[in-house]
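Q: Based on what follows, work out the 3D shape:
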Amino acid sequence: MNNFKVVETPIKGLVIIQPKVFGDERGFFLETYNKKSFKELGLTMEFVQDNHSKSKKGVLRGLHFQTKHTQGKLVRVAKGKVYDVAVDLRKNSKTFGKWYGVLLTEANKTMFYVPEGFAHGFLTLEDGTEFMYKCTDLYSPEYDSGIMWNDKTIGIDWKFEEFGIDSSELTISDKDTKHRNFDRNKKYFEKY
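A: Numbers count the residues shown, from 1 in each chain. Okay, the predicted model is just below:
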């Protein structure tokens, strides 16, 4: 029995994963990863690092990628709510430069697999949001890079109004305010 369901997105390789949740009066239990079950579903990635962040409402992180030692990420929310976004950086992909977003919440327990060759970012929608992700390669600060979250070429709709977020009051790290625009990063996309 497989405790996961994979939902394809319009971008090849980018998938939503719905875990089976077992609940009763005590609470709930779910698997967040099972190598054998993932393999049965065609998900053969290997994870080498787990990360966990906590953010207040209105924090925008991203859009991050590594120029070498690219990382695939299996992301989920343990507490709170985020709008999670991935951008296809694979130069030879039919969806190169396209983005896809998904709502990940403590309640829906949805997971999102963002493979190598994508930029990734998220917007927190509640205070105390805890975001967890598994990575297919180690963090390499010397290859850390990013694209501006509001790049006009990509045109991500962060749904600020829908989520009740004032875009003029976002909390963004100093590093994330200095990313290049999509077109100035293109030299890094050749290898994907």
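
Q: In the protein, mark out all the helices, start to finish.
A: With DSSP state H, the ranges of helices along the chain come out as 35-40, 160-163.

Q: Output those in JSON lines; the columns should cover distance to Lys20 and mean pLDDT.
A: Heads up, the C-betas are built off the backbone N, CA and C, glycines and all. Converted to JSON lines, those look like this (distance: least, CB to CB, whole Å; pLDDT from 0 to 100):
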{"stretch": "helix 35-40", "distance to Lys20": "10", "mean pLDDT": "96"}
{"stretch": "helix 160-163", "distance to Lys20": "28", "mean pLDDT": "97"}
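
Q: looking at those, which is closest to Leu63?
A: Closest of these to Leu63 is helix 160-163, at 16.1 Å (criterion: CB to CB).

Q: Report all helices and strands that the closest one contacts.
A: Counting contacts by 3 or more CB pairs under 8 Å, 6 or more residues apart in numbering; DSSP states H and E, helix 160-163 is packed against no other helix or strand.

Q: Give the residue farthest from the middle of this structure.
A: Glu25 (31.8 Å; CA atoms, centre = their mean).

Q: Tell me the pLDDT of that one.
A: Listed pLDDT for Glu25 reads 94.

Q: again with the one 5 residues further on
A: For Leu30, the model assigns a pLDDT of 92.

Q: So it is in contact with Ile17, correct?
A: No: the criterion here is CB atoms under 8 Å, and Leu30 misses it with Ile17 at 11.1 Å.

Q: who has more neighbours, these two?
A: In this view Leu30 and Ile17 are compared by other CB atoms under 10 Å, and Ile17 has more residues nearby, 21 against 14.

Q: Would you mind measuring from that one to Gly97?
A: As defined by CB to CB, to the nearest Å, Ile17 lies at a distance of 24 Å from Gly97.

Q: now this protein, which segments are flagged as low pLDDT?
A: 190-192 (pLDDT under 70).

Q: mind listing what's buried in stretch 102-119?
A: In terms of neighbour count (16 or more other CB atoms under 10 Å), stretch 102-119 has its buried residues at 102-105, 109-119.

Q: Just the ones in strands from those, please.
A: 102-105, 111-114, 118-119 (DSSP state E).

Q: which residues in this protein form strands?
A: Under DSSP E, the chain gives strands at 4-8, 15-19, 22-24, 27-29, 49-55, 60-66, 73-79, 81-88, 99-105, 111-114, 118-124, 129-135, 144-146.
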